[in-house]
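# Structure of the sequence below:
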Amino acid sequence: MTAHASPPAAGRSPAATAFDALHTRHAAALTRQAYLLTGQPRLARRAVRRGFQLAWQRWPEVAVAPDPAGWVRAAVYDHALRPWHRLLPGGRPADGVALPDDADRALREALIALPAPYRRVLLLHDGLGLGLHATAAEVEASTRATAGRLTHARDLLTARLPELGLAGQPPARQGALLRDRLAAVLTGPADDGPATGEPPPTGAQVRAGGERSARRTTRAAFGLTGLFALVTLSVAVATPDHYAGLPVPPVAKAATTRHPGPDTNRSVHRTHPNHARLLPEVR
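This is a model prediction of the structure:
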């Protein structure tokens, strides 16, 4: 009798095992990036959770993607930068989280003050070190537009934070200086900035949440389809099975005048009904 073999990852499927490994490797870093983008710890956590849930729902697509981590990152950034988040309670940046370094706080505040497209391009290019073409592909913009956003973002940071030393530097040097400063903010303990007092979710919890979300979406779609079918049936039952045209007003011909001839004594006089249309009489 051989010894009992350990079950493969507690009975998880290969897809679940691969997803959990992806989540373990990248969730903490993506949380810090989302926090740098938004200044809101809870929104950063929510964006990362939503990004991984979408990845699990579309795992056959994500698993064969050239860069699965990049796929999730794009989904996280999309969710984090949606403008309607500002309308939610606590939707303001930097909602009372103390930062250990005043310099980091100034840099975070300067980044949050940038327009969202500039913020995203700057973080991808100067923070994560993506090339210009890769950055343009991820933000779904042309290379020229992406370069313009990057230049404007650097100019705004130069004006807001002179201590960065970006003024008068060539673009390559500006990128290197920003990369060093952003790397210090993006590295460190997993929950240095976006700590919310809640433990980060595990890959299994994210998968379960994604499956629940997919079921809710499916039920809502079926419910809307059923409601539409019910309304259509009700309209069909209430509508008559034949078309009744609108009444046509009577048509009156122009009154005739008396003409000399054999029938001089006969004349035809027609009156004009009220609201009747007059049509010329062809002779």
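
# switch to C-alpha atoms for all contacts and neighbour counts from now on
Fine.

# Phi and psi next, for residue 34.
phi -60, psi -30 (degrees, to the nearest 10).

# show me the contacts for it.
Contacts for residue 34 were tallied using CA atoms under 8 Å, 6 or more residues apart in numbering; they are 43, 44, 45, 47, 48, 76, 77, 80.

# Buried residues of the helix or strand where residue 173 lies, list them for me.
Secondary structure from DSSP states H and E places residue 173 in helix 171-186. Within helix 171-186, the residues that qualify as buried are 174, 175, 177, 178, 179, 181, 182, 185, 186, counting by 16 or more other CA atoms under 10 Å.

# Next, format the residues you listed as a markdown table and append distance to residue 142 and pLDDT.
A markdown table is the format used below for these (distance: CA to CA, whole Å; pLDDT from 0 to 100):
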| residue | distance to residue 142 | pLDDT |
| --- | --- | --- |
| 174 | 22 | 94 |
| 175 | 20 | 94 |
| 177 | 25 | 94 |
| 178 | 23 | 95 |
| 179 | 23 | 94 |
| 181 | 27 | 92 |
| 182 | 24 | 93 |
| 185 | 28 | 86 |
| 186 | 27 | 88 |
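
# tell me which element residue 205 falls in.
Secondary structure from DSSP H and E places residue 205 in helix 203-238.

# In helices, which of the contacts of residue 34 fall?
Here DSSP state H is the test, and those give 43, 44, 45, 47, 48, 76, 77, 80 as lying in helices.

# could those residues be laid out in JSON lines, adding neighbour count?
JSON lines is the format used below for the ones in helices among the contacts of residue 34 (neighbours: other CA atoms under 10 Å):
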{"residue": "43", "neighbour count": "22"}
{"residue": "44", "neighbour count": "27"}
{"residue": "45", "neighbour count": "26"}
{"residue": "47", "neighbour count": "24"}
{"residue": "48", "neighbour count": "32"}
{"residue": "76", "neighbour count": "25"}
{"residue": "77", "neighbour count": "21"}
{"residue": "80", "neighbour count": "26"}
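
# Now flag whichever of these is closest to residue 13.
Ranked by distance to residue 13 (CA to CA), these are led by residue 48 at 22.6 Å.

# hang on, the closest one packs against residue 74?
No. Counting by CA atoms under 8 Å, residue 74 is not a contact partner of residue 48; they are 10.3 Å apart.

# tell me the phi and psi of residue 156?
In terms of degrees, to the nearest 10, the main-chain angles of residue 156 are phi -70, psi -40.

# tally of neighbours for it?
When neighbours are defined as other CA atoms under 10 Å, residue 156 has 15 of them.

# From residue 30, how far out is it?
Using CA to CA, to the nearest Å, we find residue 156 at a distance of 25 Å from residue 30.

# Please apply the same query to residue 118.
Relative to residue 30, and taking CA to CA, residue 118 is found at 18 Å.

# mind listing what's buried in stretch 69-80?
Going by 16+ other CA under 10 Å, stretch 69-80 has these buried residues: 69, 71, 72, 73, 75, 76, 77, 79, 80.
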